[in-house]
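Chemist: Pasting the sequence and the predicted model now:
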Amino acid sequence: MADAINLEEALYHRGVTRRQFLKFCGLMASVLALPPRYAGTIASSLQAAPRLPLVWLEFQDCAGNTESFLRASNPTVSQIVLDLLSVNYHETIMAPAGKQAEQSLEETVKNHPKGYLAVVEGAIPMGEDGVYCTIAGRAAKDIVREVCGNALATIAVGACAWDGGLPAAAPNPTSAVGVKDAVPGITLINMPGCPMNIVNLTGVIVHYLTFKDLPATDQMGRPLFAYGQLIHNYCPRRGHFDAGRFVEEWGDTGHRLGWCLYKMGCKGPQALSNCPSVGWNDATSWPIGSSHGCVGCMSPHFWDTRTPFYERLPNVEGFGIEATADQVGLGVVAGVTAAFAAHGIISAVRGAARPIAKHESPSDQQSGERRDSPSRGSNGP
Amino acid sequence: MAKLVIDPITRIEGHLRIEAVVERGRVKEAWSSGTMFRGVEIILKGRDPRDAWVFTQRFCGVCTTVHALTSVRAVENALNITIPDNARIIRNIIDGAQHIQDHVIHFYHLHALDWVDVVSALKADPGETAALAQSISSWPKSSANYFKTVQNRVKTFVESGQLGLFANGYWGHPAYKLPPEANLLGVAHYLEALDWQREFIKIHALLGGKNPHLQTYLVGGMAIPVDPNSQIAINAQRIAQMKQWAAMARDFVEQVYIPDLLAIASFYKDWASIGGGLGNYLTYGDFPRKTIDRPEEFWIPRGVVLNKNLGAPPSVMEQERVTEYVAHSWYTYADGDDKGKHPWQGETSPRYTGPKPPYEFLDTNGKYSWLKAPRYNDTPMEVGPLARMIVSYAAGHPDVRATVNGVLQKLGVGPEALFSTLGRVAARGIETLLMTRELDRWIDELAANMARGDLSIHNGERWRPETWPREAEGWGFMEAPRGALGHWVRIKNGKIENYQAVVPSTWNGSPRDARGQPGAYEASLVDTPVADPEQPLEILRTIHSFDPCIACAVHVFNGNGRELTRIQVV
């Protein structure tokens, strides 16, 4: 009982009702796929003092992940910043600037060796001794080595911090790389996406605070709870795919009624993400919910491997029993052949093509992420 | 005569560095440098023009949707595509919502800490804060108990000894003028605005799937369907949801943002004569009422005002007069760095000549920034909310004139006060207020179209590349929250041959040009008082009043004849 009273008091001073807080703990347990009884464990672990320091670094970024962070709702960003963690450095929202800002970073790195979380947003340019991104006169590549090298763990948020993202898209003018290549050998969680979904970042942090350990990941360092499923396998439009009901033109009847966007270039059949279940902006919607195809922003080097965005994926298996092979299959073959012929790279792509996953184990799913889009080939020499 | 360096300028998007010389307590000269560069235009070369908006949207994740819109407009302009009316209205709604949300975030989360002393709020009497709040607004959350709860929350936070984001701020600096009660009000609304922005921007998620980086644009229209008989489309229920969010925006802006702005500004009237800078203002205009090629009918007019002249109609703006210089930027032009080039002829070869990192100072006599220097008729211009309000005011826009005059009257200052740091902050608030009213009208306009049975959202006549001319070029533009934004695209054989963006923060944050003319940030800082060069709070105030966004300002264009290697997919 005493604990409960203290918790209530503590929450009151933080401007949160007990009910709100426990609701959040329950939600996090479900996002992390934990049994409901873990809500209590989560609750008590979040009361810990002192709060875990976190520094958020921005390099070749657009602040999209920062904006995603500002949309956090469970808990809200003010709860994260004031109550859950000690966010000691974040250029976009911190109070001080210049030398006082850098002082906040230095103090964290010096006073908490292996005792803070580092979040990295943006790619790290390695070309020309790092002149393409400097902060306080220091090259990003040197800052990331120092700060992430001393962190207890680093979380790379967004496509850019993961594998170089947009700056690393061909021809990669600045020799941009992700954290894993800029600082090899550190404890690293990768959270691709453009941007990452804040629900998942919260999940990783809560998992750490609760279990003092990072969540399980796949071979690419992505947490399985967030990146363990193909969008296509539980897309709300999957029934239309199986039945052979496809959008053929933007604005046609099928488009208005929410039919499958595969023929309009949807990359959902090759994208690993929990987008359909957690949604975006408090589950208000998600890209396929707005009737545009998935662009595969969680996939490796998606700017090169998932473009052109409106060209359909060449090899998607699993057309359902309601549609005949003639109805659906022939359409696919014709479309793919035309696309390949147009780009004159039939043999190159065929050589790389493998069927996508039929099962749900991570290793199978990753085969769904192969780089077999004809896109870059179309620009090739 | 020591140089002062602020790097990073925080509470902005991207990487900005200011170097300044301070003499006898005032800035004598200042230099603005963008210190990050990605090369997105090089990356765009050879790609499908219909994909360009997805790439350029990533110029910036803050004003996330503006480059997407500008990009589809550029490609539509090149291919001579007219979009359906519903697509125009949906774009206006998305764009208007972006302005409203972005401006509120700017005021409370990126700018307020320059004027509001968080630590001082601990000394406030919550009862008096409540009395102050109730005297300026009918906002319901203004009880003494509410402010006491906020104060307790801040107190718990401060007493924890872990000040996080607020550590090493300039608390107690002599330039802070608000009484503790007003500071507590500011802190409470800082926290409220965090919740508000998250809720309000769900209107973007509803129309665009997610925010940031909406995903529903198409060359030729929009992907989000309109259909009263579909569960997944914009239907009556979703119109009602949007109306609610629009009302929520209006309430917050009318009852919280504007009263706070006026209350805080009344303590800082000296800033109505600081930070004006260039006095030249440029707008491309936006929010088409009919079609994009009829700027005379835009809600925000197009035009140029020179030398602070509010007494005459703005002069005509012609995109052909836009050029960019690289005399002090880390690029080189084949025929000499002293010439300006129109974006159609734009050329960029990045060539870094600055000091090797780590460095203490840049060589501000030479090249010192990754930003180019855009000029209009060879004249540096300021763009942004202040430019929009000034051009609209000079053009006789009735709503703008009435609201601007009302605000000036309340503050007891004349129209000349507009040309200042305070004027920039006020103009942003005025624009937000007017925009909340327009937002509601656009939603009604969409509903009326639906009621007439107009369900069209995309013009697919030129969707397929085989319908395109072999060569085409186009210009897309908009008024982004931070100012005039232009994309120029050239298409050849169905691919992007050249793509160039001249963005608001390149105009405002530009370095010197070949004639040594400073950009808007640089000019506005001259004569700014600095009480303590070790804590240059006043410089931050003027720079933040522009709401800098550097990620989209640093980019390169396709170098002519540069051979680009491509990843071969194997």
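Modeler: The structure has been received and is ready for your questions.

Chemist: which secondary structure elements does the helix or strand of chain B with the lowest mean pLDDT contact?
Modeler: Across the helices and strands of chain B, the lowest-confidence element by mean pLDDT, DSSP states H and E is strand B:349-350, at a mean of 86. Here strand B:349-350 touches strand B:331-332, going by 3 or more C-beta pairs under 8 Å, 6 or more residues apart in numbering or on different chains; DSSP states H and E. From N, CA and C alone the C-beta is placed, and that goes for glycine too.

Chemist: What pairs with the strand it packs on, parallel or antiparallel?
Modeler: strand B:349-350 (antiparallel) (DSSP bridges).

Chemist: residues making contact with the helix or strand following the strand it pairs with?
Modeler: Going down the chain from strand B:349-350, the next helix or strand is strand B:373-376, by DSSP states H and E. Residues outside strand B:373-376 that contact it (C-beta atoms under 8 Å, 6 or more residues apart in numbering or on different chains): B:280, B:282, B:304, B:317, B:321-329, B:340, B:380-381, B:502, B:506-507, B:510-513, B:517, B:519.

Chemist: Could you rerun that using 6 Å?
Modeler: B:282, B:321, B:322, B:323, B:324, B:325, B:502, B:506, B:507, B:510, B:511, B:513 (C-beta atoms under 6 Å, 6 or more residues apart in numbering or on different chains).

Chemist: how would you label residue A:88: helix, strand or coil?
Modeler: When classified by DSSP: H, G, I helix; E, B strand; the rest coil, residue A:88 comes out as strand.

Chemist: Quick check: the closest residue to it other than its chain neighbours vs residue A:191, distance?
Modeler: Spatially, and ignoring its direct neighbours in sequence, residue A:88 is nearest to residue A:108 (4.5 Å; C-beta to C-beta, 6 or more residues apart in numbering or on different chains). For residue A:108, the distance to residue A:191 equals 21 Å [C-beta to C-beta, to the nearest Å].

Chemist: now swap in residue B:337 and tell me
Modeler: 42 Å.

Chemist: Could you do residue B:42 as well?
Modeler: For residue B:42 relative to residue A:191 (C-beta to C-beta), the value is 27 Å.

Chemist: With neighbour numbers in mind, choose between the two.
Modeler: residue A:191 (27 against 24; other C-beta atoms under 10 Å in any protein chain shown).

Chemist: Which positions in the stretch 101-250 of chain B make contact with chain A?
Modeler: Counting by C-beta under 6 Å from any C-beta of the partner chain, the stretch 101-250 of chain B comes close to chain A at B:113, B:149, B:152-153, B:156-157, B:162, B:164-169, B:191, B:194, B:198, B:202, B:205-206, B:208-213, B:215-216, B:218, B:223-225, B:227, B:230, B:232-233.

Chemist: now the stretch 251-400 of chain B
Modeler: Close to chain A, as judged by C-beta under 6 Å from any C-beta, the stretch 251-400 of chain B has residues B:352, B:357, B:358, B:359.

Chemist: number of nearby residues for the second one?
Modeler: What it means is residue B:357. 20.

Chemist: got a list of what residue B:124 touches?
Modeler: Residue B:124 touches B:180, B:181, B:184, counting by C-beta under 6 Å, 6+ apart.

Chemist: confidence score at it?
Modeler: On the pLDDT scale, residue B:124 is placed at 98.

Chemist: for residue A:22, same thing?
Modeler: At residue A:22, the pLDDT recorded in the model is 72.

Chemist: Give me the number of neighbouring residues for residue A:185.
Modeler: 7.

Chemist: now residue A:304
Modeler: 21.

Chemist: quick check, it in a strand?
Modeler: No: counting by three-state DSSP, residue A:304 is not part of a strand but helix.

Chemist: Quick check: it touching residue A:170?
Modeler: Yes: using C-beta atoms under 6 Å, residue A:304 is in contact with residue A:170, at 5.4 Å.

Chemist: for residue B:18, helix, strand, or coil?
Modeler: Quick answer, by three-state DSSP: residue B:18 is strand.

Chemist: who's it bridged to?
Modeler: residue B:6, residue B:32.

Chemist: And for the one 5 residues further on?
Modeler: In this structure, residue B:23 bridges to residue B:26 when assessed by DSSP bridges.

Chemist: What segments of chain A are strands?
Modeler: A:52-58, A:85-90, A:117-121, A:124-125, A:134-135, A:138-139, A:153-157, A:176-177, A:188-191 (DSSP state E).

Chemist: Could you point out which of those sits nearest residue B:394?
Modeler: strand A:52-58 (38.2 Å; C-beta to C-beta).

Chemist: Can you list the helices and strands that the closest one packs against?
Modeler: The contact analysis (3 or more C-beta pairs under 6 Å, 6 or more residues apart in numbering or on different chains; DSSP states H and E) places strand A:52-58 against strand A:85-90, strand A:117-121.

Chemist: Below-threshold pLDDT in chain B: ranges please.
Modeler: B:1, B:554-570 (pLDDT under 70).

Chemist: Spatially central residue (nearest the centroid) of it, please.
Modeler: Geometric centre of chain B, nearest residue: residue B:482, 2.0 Å, by C-alpha atoms, centre = their mean.

Chemist: Next, the contact list for that one, please.
Modeler: With C-beta under 6 Å, 6+ apart, residue B:482 has these contacts: B:384, B:504, B:547, B:549.

Chemist: Make JSON lines from the residues you listed and add neighbour count and secondary structure to it.
Modeler: JSON lines is the format used below for these (neighbours: other C-beta atoms under 10 Å in any protein chain shown; DSSP: H, G, I helix; E, B strand; the rest coil):
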{"residue": "B:384", "neighbour count": "29", "secondary structure": "coil"}
{"residue": "B:504", "neighbour count": "31", "secondary structure": "helix"}
{"residue": "B:547", "neighbour count": "29", "secondary structure": "coil"}
{"residue": "B:549", "neighbour count": "31", "secondary structure": "strand"}
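
Chemist: Pull the most distant pair out of these.
Modeler: B:384 and B:549 (10.2 Å).

Chemist: Which elements pack onto the lengthiest helix in chain B?
Modeler: Longest helix of chain B, by residue count under DSSP state H: helix B:421-451. If contacts are counted by 3+ C-beta pairs under 6 Å, 6+ apart, helix B:421-451 sits against helix B:85-105, helix B:236-252, helix B:258-266, helix B:385-394, helix B:398-411, helix B:537-545.

Chemist: thinking residue B:387 is in contact with residue B:283, fair?
Modeler: Yes: judged on C-beta under 6 Å, residue B:387 makes contact with residue B:283 at a distance of 5.4 Å.

Chemist: quick one, what contacts the residue of chain B found nearest chain A?
Modeler: For chain B, the residue closest to chain A is residue B:61, as judged by C-beta to the nearest C-beta, at 2.6 Å. Residues near residue B:61 by C-beta under 6 Å, 6+ apart: A:62, A:63, A:64, A:67, B:212.

Chemist: Check the secondary structure at it for me.
Modeler: Taking three-state DSSP, the label given to residue B:61 is coil.

Chemist: Based on its surroundings, how many neighbours for residue A:95?
Modeler: A count of nearby residues for residue A:95, using other C-beta under 10 Å, gives 21.

Chemist: Tell me the residues of the stretch 251-381 of chain A that contact chain B?
Modeler: A:251, A:255-258, A:280-281, A:284-287, A:289-292, A:304, A:307-310, A:371, A:376-377, A:379-380.

Chemist: Report the closest residue of the stretch 101-250 of chain A relative to chain B.
Modeler: For the stretch 101-250 of chain A, C-beta to the nearest C-beta, closest residue to chain B: residue A:173, 3.3 Å.

Chemist: what's the neighbour count on that residue?
Modeler: Neighbours of residue A:173 (other C-beta under 10 Å): 24.

Chemist: Quick check: chain neighbours aside, which residue is closest to it?
Modeler: residue B:39 (3.3 Å).
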